[in-house]
Structures are given as structure tokens and as C-alpha cells.
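K.L.:
just need the structure, nothing else, for what follows:
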Amino acid sequence: MNSWLVLTASLPTSPSGLRVRIWRSLKATGCATLRDGVYILPAQAPTAPWLWRIEQAIREGGAEAHMLEVKARDAAQEAQFLALFDRAEQYADLAQAIKEARKALARAAEPDTRKTLRTLAQQLQSIQALDFFGGKAAAAAADSLEALRLEVERRFSPGEPATAQVRGIERLRREDFQGCSWATRQRPWVDRLASAWLIQRFIDQAPRFLWLKDPAKAPKRALGFDFDGARFTHVDGKVSFEVLAMSFGLAEDAGLRRLGELVHYIDVGGSPVDEAVGIETLVRGLQAQHPDDDDALLAAACSLFDTLYTGLAALASRPS
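P.N.:
All right, here's what the predicted structure looks like:
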């Protein structure tokens with residue numbers, strides 16, 4: 001049987017500040033309410049340390065609180081406790097929202113569709129963060145969202161690479177990749193633009209870029225990136241930018257690491273990044289300014305990524 005944390009708290013009704021603050025903190029832990037003033041949380045929950053801090057905060061606020069660690073008395077009570085943390089209804093609501101997004105896909109514009117996809121991904125992560133026992137509903141929701149993401153990519157980014165499964169990413173020497181031809185799909189989106197910027201700024205001092213209508217016709221000597229079968233593409237859940245950074249020993253650069261998180265989120269979703277919406281808007285603006293010239297688009301995007309990298313590196317260097 002599981003171990004359970006049970007917090008009993010007697011909060012004053014006035015002043016209301018402490019009560020409201022504690023209530024919000026309790027909600028953030030994902031704990032359940034057994035009765036008024038009695039809260040329960042699995043002892044192994046990632047948020048369990050928060051509950052201990054809440055107990056301390058209540059006492060420091062002059063109120064009474066006690067924490068108990070218990071086990072259910074029998075299987076029936078264990079089932080009752082587990083039922084308090086059943087997230088099936090939340091997953092069902094999310095599944096319905098995904099279903100509605102799929103129905104709207106045929107008539108929706110790309111920016112709206114990608115915004116919806118990010119919102120759904122955030123909702124899934126929020127549920128998963130407080131789903132301490134998982135189960136079939138969690139797996140089904142994740143599979144459904146991934147299926148939607150693939151449909152979105154097929155419609156708006158034909159040729160978007162599938163994730164390859166490999167044993168590690170080969171470490172390469174930048175000296176061996178100078179003056180190369182680098183090939184990717186035409187009309188580049190964020191991952192391809194950021195990857196080309198990374199190549200130009202950190203890997204190859206004199207690169208030549210080829211923008212392909214059909215990646216299958218890439219010249220044999222060209223180094224492909226961000227399409228199926230390319231030398232550098234999506235691997236083990238990482239987007240092409242992240243794979244390039246790891247391949248050439250750049251992943252420890254804090255600015256590039258944070259930029260990789262941003263590119264990853266815009267390209268395939270995942271953990272939300274504050275700057276994502278603004279950067280996506282700027283890139284769409286650059287695409288509109290250079291609708292027929294991918295070299296000009298990259299040149300304009302390089303200034304954007306230069307500034308972004310400098311800003312993210314500065315943020316990463318700040319003391320926590």
C-alpha cells in the first residue's frame with residue numbers, strides 16, 4: 001500500500017490573506033480534501049515537499065497545523081484514497097478538446113492551429129504534473145495529442161521529419177565541416193532557420209545553403225538537416241537544432257541550450273517557453289517579408305537569432 005501524507009490545518013478566517021495564500025498553495029500541490037481542513041497527498045508525489053513547507057507556513061502564520069504520514073487501514077480505504085486522485089475526467093475533457101481541434105484542422109489557419117496545439121500540450125502537462133498514478137487515460141491522451149501534432153505537421157509542414165531512434169548522438173569535430181554545402185527543405189520554419197544560424201555562427205565558417213523543394217533530390221555531397229534521412233535531423237525526441245548542438249559539442253553553452261528549448265517548443269511542443277509566441281510572430285513576419293528568397297530570409301533571421309542568443313545567454317548568467 002501507498003504511504004499518505006495527511007495535513008490537518010485550522011486557519012483563521014480573518015485576516016483572509018493567510019487563508020487565501022495557503023489555499024492556493026494547497027491547490028498547486030494537487031492534494032485532495034478529505035474534509036474541511038484535512039488534506040491528503042501521496043507521500044511519493046513530487047509535490048510532497050511543498051506540503052511540508054505549507055505546514056510550516058501555517059504554523060509561522062500563527063495557526064495550527066499537523067502532518068501525519070499514514071497507510072490505509074485496508075484495501076477498501078486504499079481504493080477510496082486512490083479514487084481521490086483519479087484524473088480520468090480531466091483527461092476526458094482534454095480528449096474532447098483534441099477531437100474538436102482535429103475537426104477544425106481543415107479550415108483553421110496555421111497560426112491559430114499551432115496556438116491551439118501548444119495550449120493543448122500545456123493542458124496535458126498540467127494534468128500529468130498532478131497525476132501521481134498515471135494509467136491508460138494518461139497514455140491515451142498523450143497518444144491522441146501526438147496524433148494531432150502529426151496531422152498538423154503533415155498539413156502545414158509537409159516533409160517534417162519523424163523522430164529517429166539511435167544509440168546516442170555522434171560527437172563531431174567542427175574542423176571537419178568547413179566550407180560545406182548544407183541542404184534542407186525550402187521555406188524554412190523556426191527549426192531550420194535556427195539550425196542554419198547555428199551552422200553559420202558556430203560550426204562552419206563558410207557554409208553554403210541549399211533550399212530543396214524535394215529533399216529526396218538533395219545532392220549526395222550535401223549535408224542534409226531537418227528532413228527524413230538527413231545527416232542531422234530529429235533524434236530521440238530532440239529537434240534538429242538540438243541534435244546539431246550536441247553533435248558539435250555546443251550543448252553546454254547556456255544561451256544555446258535555452259535557445260534549443262525555445263526552438264523545440266515552437267517546433268514540436270513540450271515545456272512552455274515564455275518567449276515562444278513573440279518569436280513565432282517575428283519569424284512569420286520575416287517569412288512574409290521574404291516570400292521568395294530563402295537566402296534573404298536566413299540573413300534576416302540571423303539578426304533575430306543573434307539578438308535572441310545574446311539575451312538568453314545574459315539571462316542564463318544571472319545569479320539565481
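
K.L.:
for this structure, just list every one of the helices.
P.N.:
Using DSSP state H, the helices of the chain run over 16-29, 48-60, 75-83, 88-104, 110-129, 136-156, 190-198, 240-247, 254-268, 276-289, 294-317.

K.L.:
measure how far the first one is from the centre of its chain, please.
P.N.:
Relative to the chain's own centre, helix 16-29 is displaced by 27 Å; criterion: C-alpha atoms, centre = their mean, to the nearest Å.

K.L.:
please apply the same query to the shortest one.
P.N.:
Per C-alpha atoms, centre = their mean, the displacement of helix 240-247 from the mean C-alpha position of its chain is 17 Å.

K.L.:
by contact count, what packs against that helix?
P.N.:
Packing partners of helix 240-247 (3 or more C-beta pairs under 8 Å, 6 or more residues apart in numbering; DSSP states H and E): helix 190-198, helix 254-268. From N, CA and C alone the C-beta is placed, and that goes for glycine too.

K.L.:
would you turn the ones you listed into a markdown table with distance to Ala48 and mean neighbour count?
P.N.:
Formatted as a markdown table, the helices and strands packed on helix 240-247 follow (distance: least, C-beta to C-beta, whole Å; neighbours: other C-beta atoms under 10 Å):
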| stretch | distance to Ala48 | mean neighbour count |
| --- | --- | --- |
| helix 190-198 | 37 | 26 |
| helix 254-268 | 27 | 21 |
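
K.L.:
so the closest residue to Glu242 other than its chain neighbours versus Ala194, what's the distance?
P.N.:
Leaving aside its chain neighbours, Glu242 sits nearest to Gly260 (4.5 Å; criterion: C-beta to C-beta, 6 or more residues apart in numbering). Applying C-beta to C-beta, to the nearest Å, the value for Gly260 to Ala194 is 8 Å.

K.L.:
shared neighbours, the two?
P.N.:
Common contacts of Gly260 and Ala194 (C-beta atoms under 8 Å, 6 or more residues apart in numbering): Phe241.

K.L.:
returning to what we had before: Lys136: which of the helices and strands packed on helix 240-247 is closest?
P.N.:
Closest approach to Lys136 among the helices and strands packed on helix 240-247 is made by helix 254-268 (24.0 Å; C-beta to C-beta).

K.L.:
who's in contact with the closest one?
P.N.:
Contacts to helix 254-268, defined as C-beta under 8 Å, 6+ apart, come from residues 118, 149, 189-191, 194, 198, 202, 234, 238-239, 241-242, 245, 250-251, 270-273, 275-276, 279-280, 305, 308-310, 312-317.

K.L.:
now do stretch 204-219
P.N.:
Stretch 204-219 has contacts (C-beta under 8 Å, 6+ apart) with 159, 174, 177-188, 196, 199-200, 222, 224, 227-230, 294-295, 298.

K.L.:
where does the stretch 151-300 of the chain have low pLDDT?
P.N.:
162-167 (pLDDT under 70).

K.L.:
adding distance to Ile40, write the helices and strands packed on helix 240-247 out as CSV.
P.N.:
Below are those laid out as CSV (distance: least, C-beta to C-beta, whole Å):
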stretch, distance to Ile40
helix 190-198, 43
helix 254-268, 34
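
K.L.:
nearest to Asn2, of these?
P.N.:
Of all the helices and strands packed on helix 240-247, it is helix 254-268 that lies closest to Asn2, at 33.7 Å by C-beta to C-beta.

K.L.:
using PDB, write out every CA atom in that closest one.
P.N.:
Taking Å, rounded to 0.1, in the frame of the first residue of the first chain, the C-alpha atoms of helix 254-268 are listed here in PDB:
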ATOM      1  CA  ALA A 254      23.800  28.100 -21.700                       C
ATOM      2  CA  GLY A 255      22.500  30.500 -24.300                       C
ATOM      3  CA  LEU A 256      22.300  27.800 -27.000                       C
ATOM      4  CA  ARG A 257      20.700  25.400 -24.500                       C
ATOM      5  CA  ARG A 258      17.900  27.900 -23.800                       C
ATOM      6  CA  LEU A 259      17.500  28.700 -27.400                       C
ATOM      7  CA  GLY A 260      17.200  25.000 -28.100                       C
ATOM      8  CA  GLU A 261      14.400  24.800 -25.600                       C
ATOM      9  CA  LEU A 262      12.600  27.600 -27.400                       C
ATOM     10  CA  VAL A 263      13.100  26.100 -30.800                       C
ATOM     11  CA  HIS A 264      11.900  22.700 -29.500                       C
ATOM     12  CA  TYR A 265       8.700  24.100 -28.100                       C
ATOM     13  CA  ILE A 266       7.800  26.100 -31.200                       C
ATOM     14  CA  ASP A 267       8.600  23.200 -33.500                       C
ATOM     15  CA  VAL A 268       7.100  20.200 -31.700                       C
END
